[in-house]
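**Q** the following comprises the amino acid sequence and a computationally predicted model.
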Amino acid sequence: MYTFQDIIVQLINSMIFQCVESFAGALWFIPVLIFASSLFGTLIYFGRKINYMFKINFGKHLFLIFMCFFFIYIGRMLNVENIYTTYHLQTAILVIPIYIIAYYVRNIKNLDCFLKWYFFIPAIFFLYLCVNKFNWNIELSINLISGYKFYVISIVGIYCCLYLAKMLLNTKLLKKYFILIGKFSFEIMALHFLVFKLIDYVYALIIHTNANIYGVFPCAFNNNYIICTLYILLGTIIPATIIKFFTALKSKFNNNNNNNQ
């Protein structure tokens, strides 16, 4: 059990990414995101410098294509060989090619023309085969990427997400739900483990199971479809609702202060 002093120490350590305790584990992606975004921005900067220095328009593109393949090789090597770097930065290296691909995809005009059901259904079926038949599993927190297949699965998965996002715009209730979790995605990432463990705790009390079940990562009852549904719904809605409540409370407090002045 943690003492009060232990909790304070771990909270302070987590501010400088030094905490490895399980309750802060959901924040492992923060230094990865910062480093990957900074590194990608640096690549764009040097690509533009190459254009300026050599007075050519395609220099940046050649540089980015080269760096894309370079980081594919390095990222795959670090993860497949189970080389763990400080702050899990081997994952940041791995995702740089995704950043580069997205950089070019965003400039495609009429992207919606490529988001069709007759592409989406084969893509979903392909992902099903990858996970359930070919065992091309991905779990970035433990360096499980299935080699170069990581990029295939990622690109197909991103396409499916884009198509689903397009469909959600036509469904009012789902649209509101995903707008909510999208707005508070950072808070959901930070707090969803806590919600998982609360669900585990309550359900374990109901079925009178051993208390050791709480230590199962990431959740204890993922084979129960009803509990899995609760993990998804409550793991997103509760963090978003908590933050929305405190945001509204802060706004009301600020308004009251302004009125008093």
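**A** Thanks, I have it. Numbering: from 1, shown residues only.
**Q** going forward, measure contacts between C-alpha atoms and count neighbours the same way
**A** Noted.
**Q** sketch out the low-pLDDT regions of the stretch 101-250 of the chain for me.
**A** When residues are selected by pLDDT under 70, those of the stretch 101-250 of the chain lie in 211-214.
**Q** for it, what spans make up the helices?
**A** 117-132, 149-168, 172-183, 185-207, 225-260 (DSSP state H, counting those that start in this stretch).
**Q** list the buried residues for the shortest one?
**A** By neighbour count, and taking 16 or more other CA atoms under 10 Å as the criterion, the buried residues in helix 172-183 are Phe178, Leu180, Ile181.
**Q** follow-up on the earlier one: mind putting the helices of the stretch 101-250 of the chain into CSV with distance to Leu111?
**A** Shown next, in CSV, are those (distance: least, CA to CA, whole Å):
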stretch, distance to Leu111
helix 117-132, 13
helix 149-168, 10
helix 172-183, 20
helix 185-207, 24
helix 225-260, 29
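**Q** winner for burial among those helices?
**A** Most buried of those by mean neighbour count (mean count of other CA atoms under 10 Å) is helix 185-207; its value is a mean of 18.
**Q** just checking, what packs against that one?
**A** Helices and strands touching helix 185-207, by 3 or more CA pairs under 8 Å, 6 or more residues apart in numbering; DSSP states H and E, are helix 225-260.
**Q** which one of the helices of the stretch 101-250 of the chain lies closest to Met53?
**A** helix 149-168 (32.5 Å; CA to CA).
**Q** ok and the closest one relative to helix 172-183, angle-wise?
**A** With axes from the mean of the first three to the mean of the last three CA atoms, to 10 degrees as the basis, helix 149-168 and helix 172-183 are set at 130 degrees to each other.
**Q** I am finished for the moment; much appreciated.
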